[in-house]
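>>> Show me the folded form of this:
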Amino acid sequence: MVGGGIAGVSAAVVLAERGVAVTLLEAAETLGGRLGAWPHTLPDGSGQVVEHGFHAFFRHYDTWRSILRRIDPELGFLRPVEGYPVISRRWPAEDLGDLPAAPPLNLLALFARSPSLRLREIAGADASLGFALLAHDPEDTAARFDGMSAGEFLARLGVSERARQMLFEAFARSFFCDQAGLSAAELVAMFHYYFLGNPAGIGFDAPAEDHLTAIWAPLAAYLRGLGADIRVGMRVTSLERAGRAWRVHGAGGSVEAEHVVLALDPGALRTLLGGSPVAPDLAGRAAALSVAPPFAVTRLWLDRDVRPERAVFSAVSGEPTLDSVTVYSRLEGESARWAARTGGSVVELHSYACRAPDVTTATARMRAELAGLWPETAAAEVVHLQERLEATAPAFPPGTAGTRPGVVTDAPGVRVAGDFVECPYPSGLMERAAMTGVLAANDVLAAEGAGPEEIRGIAARGLLAGLPVHRLGRLGPAVPRPEPAPR
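Sure thing, here's the model as predicted:
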C-alpha cells in the first residue's frame with residue numbers, strides 16, 4: 001500500500017481484516033493525506049494538533065463511514081455541524097442546510113425559501129442547462145458537458161449574478177478548482193452527488209476532537225492489531241517488476257509484493273510512475289493527470305471571540321481569495337479548551353484555488369476579506385497563526401472525462417485509488433477516496449478467490465435522466481462531444 005491517506009487506509013483495513021499481509025508506506029510522519037494532522041506547540045507552550053484544514057463528513061459518505069465504524073461503531077466522535085450558510089458582503093446569507101433530506105423535496109424547499117431563486121432572479125435562465133442539473137446520467141452528462149468549463153456552464157445558465165454567486169460559485173470552488181479549470185460535467189455530477197440526488201440531505205458532521213486523536217491514531221492501532229506493518233516517513237521513489245511481484249523502492253529500503261495499491265495524490269502518482277517502468281496505458285493516464293491550483297489554509301488564534309451568532313462553518317461568496325471560514329473553537333475540543341482558558345477564539349480560513357503568490361500574501365488577503373464580512377475580527381490581535389499553501393488536490397479540467405486512471409490498470413497487480421480516480425459510482429472528495437480504496441481491495445480479494453467488501457452509494461441517475469429536457473429553453477452553441485479516451 002503506497003500512501004496512507006483515506007484511500008490507502010481504507011484499502012488496508014479491508015485487506016488486513018481478511019488476513020492479507022499489509023505493508024503501508026506513507027511519506028509523511030503521520031497518516032491522513034489531506035485529512036492528516038500533526039502536533040503543534042503554541043507560543044504559550046501549550047500543545048495542539050493542527051490539520052490540513054476543515055473537512056465536512058457528509059452523511060451519505062457510506063463507504064468512509066463504514067471504515068470509521070471500525071474504530072467507533074456508533075461514530076460517537078462526530079458531531080453535527082448546524083447549517084450550511086453562504087455569506088457575502090453584497091447579499092444576506094443563505095443557508096443550504098436544514099432542508100428536507102430526500103429529493104425532490106429538498107429542491108422544492110430551496111426554491112420556496114431562497115431569495116436567490118425568486119422568479120426575477122431566474123427569469124433569464126436557460127431551462128436546458130437548469131434541467132441538466134436534475135438529469136445527471138454518467139455517460140450522457142460527460143458526453144454533453146465535459147467539453148465545457150464550469151464557468152461557461154454557469155454563465156450560459158443565465159441566472160442572476162446573485163443566484164450564481166450565492167448558490168453555484170461557492171459550491172463550485174469547494175472542489176479546489178477555479179471555474180475555468182473545472183469541467184461542467186464534473187460540476188453537474190457533484191451537484192447530483194451532494195445535493196440533487198443525495199437522500200441523506202446536505203447536512204454534515206465533523207469530529208469533536210482533532211483528526212489525529214479521533215481518526216488516525218485509532219485507525220493505525222486497529223491496523224497494527226490486525227498485523228499490518230505501517231511505515232511512516234518512507235517516500236516511495238519507484239517501482240519495478242520483479243518476476244510475478246513488484247518491488248517498491250523508497251528512502252527506507254524496498255518492499256516486494258504481489259499486489260500494489262497506489263493511493264497517492266495526483267502529482268505524486270504522476271512523478272512516481274514517470275520514473276517507473278509500468279504498462280503504457282497506466283503510464284499515459286498518470287502523465288496526463290492535472291493538479292489543481294494551490295489551496296491555502298490559515299489557522300488563527302485570536303485574542304477575542306467572534307460574535308456569538310457566527311456559524312461554525314460558513315462558505316464565502318464574492319471574495320477574491322477567501323472561500324470559507326471555520327470557527328474551530330466552537331467545533332473541536334482542544335481549540336475550545338484553549339479559547340475557554342484565554343478568552344480568545346480559533347478561526348480557520350480557506351482559499352480553495354488560491355492565486356496569491358505566497359502564503360503570507362494569501363493570509364493577509366483572507367484576513368482583510370474576513371474583516372469585511374465579520375468586522376469584529378478587524379481589531380482582533382493574532383496571538384499565533386499556522387499557515388500552509390500547497391498543491392496536492394486533483395483538477396478535473398474540461399475534456400478529461402475518461403482519461404484518468406481507473407482502479408484496475410493494465411499493469412498486472414497494480415491498482416490505483418484516490419479522490420481523482422475514475423469510479424463507477426457517484427462519489428466525491430473523501431467518499432471517492434474511500435470508495436476507490438475499497439474497490440482496489442476488492443480487486444485484490446477477487447484475485448485471491450475471496451468475496452468483496454460491500455459498497456453502498458446513491459443512485460447514479462438524476463430525477464429527470466432520460467427525459468428529452470435538452471430541447472427545453474434557449475440553447476447556446478452545441479458543446480463538442482469529446483473523443484473517446486484511448487485504452
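>>> Report the residue spans of the protein with pLDDT below the cut-off.
468-487 (pLDDT under 70).
>>> Let's check: the centremost residue of it is which one?
When Cα atoms, centre = their mean is applied to the chain, the residue found nearest the centroid is Leu429 (2.8 Å).
>>> Quick one: distance of stretch 259-272 to the chain centre.
17 Å (Cα atoms, centre = their mean, to the nearest Å).
>>> meant to ask about stretch 194-213, not that
Remark: stretch 194-213 is offset 11 Å from the chain centroid, using Cα atoms, centre = their mean.
>>> Ends of that stretch, what's the gap?
End-to-end distance of stretch 194-213 (Cα to Cα, to the nearest Å): 28 Å.
>>> List the buried residues in that stretch.
By neighbour count on 16 or more other Cβ atoms under 10 Å, the buried set for stretch 194-213 is 194-198, 201-207, 209-213. Yep, even glycine has a C-beta here, placed from its N, CA and C like the rest.
>>> Stretch 373-384 too?
Of the residues in stretch 373-384, Leu373, Trp374, Thr377, Ala380, Val383, His384 count as buried by neighbour count, 16+ other Cβ under 10 Å.
>>> cool, and stretch 8-22?
Applying 16+ other Cβ under 10 Å to stretch 8-22 flags 8-18, 20, 22 as buried.
>>> First-to-last residue distance for stretch 192-210?
30 Å.
>>> cool, and stretch 71-88?
Start-to-end span of stretch 71-88 (Cα to Cα) is 39 Å.
>>> Show residues contacting that stretch.
The contact list for stretch 71-88, computed with Cβ atoms under 8 Å, 6 or more residues apart in numbering, reads 56-57, 65, 68-69, 93-98, 165-167, 170, 202-209, 214-215, 218-219, 222, 311-318, 331, 373.
>>> Which members of the buried residues of stretch 373-384 occur in strands, if any?
The strands, defined by DSSP state E, take in Val383, His384 from the buried residues of stretch 373-384.
>>> okay if I get the buried residues of stretch 373-384 as JSON lines plus distance to Ala459?
Below are those laid out as JSON lines (distance: Cβ to Cβ, whole Å):
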{"residue": "Leu373", "distance to Ala459": "37"}
{"residue": "Trp374", "distance to Ala459": "39"}
{"residue": "Thr377", "distance to Ala459": "42"}
{"residue": "Ala380", "distance to Ala459": "46"}
{"residue": "Val383", "distance to Ala459": "48"}
{"residue": "His384", "distance to Ala459": "46"}
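>>> what's the most distant pair in the buried residues of stretch 373-384?
Within the buried residues of stretch 373-384, Leu373 and His384 form the most distant pair, 21.9 Å apart (Cβ to Cβ).
>>> wait, what's in contact with the residue nearest to the centre of the chain?
Applying Cβ under 8 Å, 6+ apart to Leu429 gives the contacts His55, Phe175, Asp419.
>>> what about it, distance to Val22?
The gap separating Leu429 from Val22 is 25 Å, by Cβ to Cβ, to the nearest Å.
>>> What's the local residue count around Glu256?
Neighbour count of Glu256, defined by other Cβ atoms under 10 Å: 12.
>>> Now find how far off-centre stretch 210-222 is within its chain.
For stretch 210-222 - counting by Cα atoms, centre = their mean - the centre lies 19 Å from the chain centre.
>>> Alright, that wraps it up for me.
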